[in-house]
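Q: Attaching a predicted model along with its sequence, questions to come.
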Amino acid sequence: MSRLPVWRLPASRTVLGLPWQVVAIAAVAVGVLLLLSPLYGWHRDELYFVAAGRHPAFGYVDQPALTPLLSAGAVALLGTSPTAVRILPALAFGAIVLLAALAARDLGGSRRAQVLAALVTAVSGLLAAGHLGVTATYDLLAWALVLWLVVRLLGGADPRTWLLVGLVAGIALENKHIILFLGAGLATGILLARRWDIVRSPWAWSAIGIAILVWLPNLAWQVANGFPQLEMAASIAEDASGEREMILVELLLFAGLLLFPVALAGGWWLLRSPAARPWRALGWASLVMLLLVFLVGGKSYYVAGAIPLLIGAGAVPLDGWLSRGRQGLRAGVFATAVAASGLATAVLFLPIVPAAQLGATPIPELYAESAEQVGWPELVAAVEEVVTTLSPEERAGVVIVTENYGVAGALELLGTDLPGVYSGHNGYWDWGPPPDDAGVGVFVGWRGTGEFSWLFADCSIRALFDNGMDLDNQEQGGAIYVCGPPRESWSQAWPEMRHLD
């Protein structure tokens, strides 16, 4: 009797049509994310999304409505805590792990290939999205789901499945518009692969109609408001124009510090392997999407949603590589890469290093979002202290104006007995100016008075914010000014205070 090759999984029970080991890996990933969710604190975007969701709309200047509504709903149901808005992202990441394994299965991968796909995805840089309640998290899930469905369709599944593709894409468009990159990539890939059966399918064309129909509320809002997201996209592209050379590097890190060769092998397998001929369009689509991001000056995460598919595809040749000569050595190399990548990913992207020690490490420089989760209670306390120093007359007509939406969201969610909070940043500007009878403004977060001193006869610094941890982030060292009285009404000045980024 021949001995089972190293790492060859014997037959065992399945869960959700996958080896139980895959489901276990996804469950562990979700559990770790939930366990760590209360550490550090809110991210600035999470604070903003909760505030935005409390101003329900079919759209905002910087994103559609889905993530704000989910975030505000989570806080309303579960209370004001980071964990409340991070439960769904953790579950979303678990689903992404499962979808990578499903892609491997439907690309012809063995049971072991499915487990390998789940394992590599679980320790990839995509883990960062599972920790934060931001638009990118749900976008990654939508991409992974659409691509898995397309894998099935290209492999001969019931063409009516295209209707589900359209539904998922439409919901994704209510969260973030960058799934349009996926649509453009798939359309081009199908043409390059000469899949005329897909081009002729009425079900595939129906998917486009369904996606537009589901997207219609936000699309109508964009039309009614002059397509503000085009202005927002131009601002982002300008900020990212010097970062094109980092797109590929960042994508490789998203795919795994030492495990990115799996995703690269997946792309190569889709494009070159005879066994992958039915799915050749997906290989071309990945290249087209990457090219589009370079051309428009986008950010790397715009196409990171393709990584679970590429890992799933890469698990097929990885399985073969592990089965060839010197299996023990190959298994040891792979296990070491998994352990090292998993540890590095967790330390870099998750709140493992104590916040008080974070500033002494290179982590904030490598992953700036880590520092943006620290210091919010201290900032709120500093503003509250300044407000208490105002005279009764000043307090009677005081408002708070912040430089960015993160500060505004923190003061609204975490503050106690504070006056009204306003900001000219992104969606906050649309929620209106302070009342014209407000005679005193507490300005928070600016490094100088150049952007607002013209409005007031007098401004003075009352405090410089220090998070007490020697941790540099957007708020550290920012000033808290008290200004007044205004030279003109707030409603007249408000158009000059708008800024997008």
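A: Good, I have the coordinates.
Q: tell me which helix or strand of the chain sits lowest on mean pLDDT?
A: helix 228-239 (a mean of 75; mean pLDDT, DSSP states H and E).
Q: Check which element follows that one along the chain.
A: helix 244-255 (DSSP states H and E).
Q: Report all helices and strands that the helix or strand just after that following helix contacts.
A: Of the helices and strands lying after helix 244-255 in sequence (DSSP H and E), the nearest is helix 260-272. Judged by 3 or more CB pairs under 8 Å, 6 or more residues apart in numbering; DSSP states H and E, helix 260-272 is in contact with helix 244-255, helix 280-296, helix 307-323. To be clear about C-beta, it is placed using only N, CA and C from the backbone, and glycine gets the same treatment.
Q: shaky segments in the protein?
A: Counting by pLDDT under 70, the chain shows low-confidence ranges at 1-12, 236-243.
Q: How is it divided into domains?
A: If you go by automatic domain parsing, the domain ranges for the chain are 17-354, 374-497.
Q: And the strands in the protein, which stretches?
A: Along the chain, the segments classed as strands by DSSP state E run 14-15, 18-19, 398-402, 421-423, 440-444, 459-464, 479-483.
Q: Pull up the pairing partners for the fourth one, direction included.
A: Here strand 421-423 is paired, per DSSP bridges, with strand 398-402 (parallel).
Q: same thing with the second one?
A: The pairing partners recorded for strand 18-19 under DSSP bridges are strand 14-15 (antiparallel).
Q: chain center to the strand it pairs with, what's the gap?
A: Distance, stretch centre to chain centre, for strand 14-15: 30 Å (CA atoms, centre = their mean, to the nearest Å).
Q: Of the helices and strands packed on helix 260-272, which is nearest A104?
A: Each of these was scored for nearness to A104 using CB to CB, and the closest is helix 307-323 (4.0 Å).
Q: Determine the set of other helices and strands touching that closest one.
A: helix 82-106, helix 111-122, helix 135-154, helix 244-255, helix 260-272, helix 280-296, helix 327-349.
Q: one step back: would TSV of the helices and strands packed on helix 260-272 with mean neighbour count and distance to P64 be doable?
A: Shown next, in TSV, are the helices and strands packed on helix 260-272 (neighbours: other CB atoms under 10 Å; distance: least, CB to CB, whole Å):
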stretch	mean neighbour count	distance to P64
helix 244-255	18	23
helix 280-296	20	19
helix 307-323	26	22
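Q: Would you reformat these as a markdown table and include distance to G185?
A: Converted to a markdown table, those look like this (distance: least, CB to CB, whole Å):
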| stretch | distance to G185 |
| --- | --- |
| helix 244-255 | 14 |
| helix 280-296 | 4 |
| helix 307-323 | 11 |
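Q: Out of the ones you listed, which is closest to G397?
A: helix 280-296 (46.1 Å).
Q: Just the angle for that closest one relative to helix 244-255, thanks.
A: Here the directions of helix 280-296 and helix 244-255 differ by 140 degrees (axes from the mean of the first three to the mean of the last three CA atoms, to 10 degrees).
Q: so of the domains of the chain, which one's packed in deepest?
A: Burial of these is given as mean neighbour count (mean count of other CB atoms under 10 Å); domain 17-354 ranks first at a mean of 20.
Q: Might you calculate how far that domain sits from the centre of the chain?
A: The answer for domain 17-354 is 9 Å, by CA atoms, centre = their mean.
Q: Need the distance between the two termini of that domain.
A: End-to-end distance of domain 17-354 (CA to CA, to the nearest Å): 40 Å.
Q: returning to that earlier point: so can I have a markdown table of the helices and strands packed on helix 307-323 showing distance to L230?
A: Converted to a markdown table, the helices and strands packed on helix 307-323 look like this (distance: least, CB to CB, whole Å):
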| stretch | distance to L230 |
| --- | --- |
| helix 82-106 | 28 |
| helix 111-122 | 33 |
| helix 135-154 | 17 |
| helix 244-255 | 20 |
| helix 260-272 | 31 |
| helix 280-296 | 12 |
| helix 327-349 | 31 |
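Q: picking up where we left off before, of the domains of the chain, which is nearest P364?
A: domain 374-497 (6.7 Å).
Q: Ends of the closest one, what's the gap?
A: 27 Å.
Q: List the residues that contact E174.
A: Residues in contact with E174, defined by CB atoms under 8 Å, 6 or more residues apart in numbering, are P64, A65, L66, V214, W215, P217, N218.
Q: gap between it and Q63?
A: 10 Å (CB to CB, to the nearest Å).
Q: okay, the strands of the chain in JSON lines with distance to L411 next?
A: Output for the strands of the chain, formatted as JSON lines (distance: least, CB to CB, whole Å):
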{"stretch": "strand 14-15", "distance to L411": "45"}
{"stretch": "strand 18-19", "distance to L411": "45"}
{"stretch": "strand 398-402", "distance to L411": "6"}
{"stretch": "strand 421-423", "distance to L411": "5"}
{"stretch": "strand 440-444", "distance to L411": "7"}
{"stretch": "strand 459-464", "distance to L411": "14"}
{"stretch": "strand 479-483", "distance to L411": "11"}
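Q: re the thing from before, just the closest of the contacts of E174 to A24, please.
A: Taking those together and measuring to A24 by CB to CB, the closest member is L66, at 29.9 Å.
Q: Do I have it right that the closest one meets I171?
A: Yes - using CB atoms under 8 Å, L66 is in contact with I171, at 7.2 Å.
Q: Could I get the phi/psi values of T80?
A: Dihedral pair for T80: phi -90, psi 90, per degrees, to the nearest 10.
Q: need the contact list for it.
A: By CB under 8 Å, 6+ apart, the neighbours of T80 are L413, L414.
Q: Distance check, it against P68.
A: Separation of T80 from P68 (CB to CB) stands at 15 Å.
Q: Centroid-nearest residue for the chain?
A: Centroid-nearest residue in the chain, with CA atoms, centre = their mean: A136, separated by 2.2 Å.
Q: I'd assumed Y301 was in contact with that residue.
A: Yes - the pair A136 / Y301 is scored as a contact, 5.4 Å apart, by CB under 8 Å.
Q: follow-up on the earlier one: among the domains of the chain, which comes closest to L366?
A: domain 17-354 (6.2 Å).
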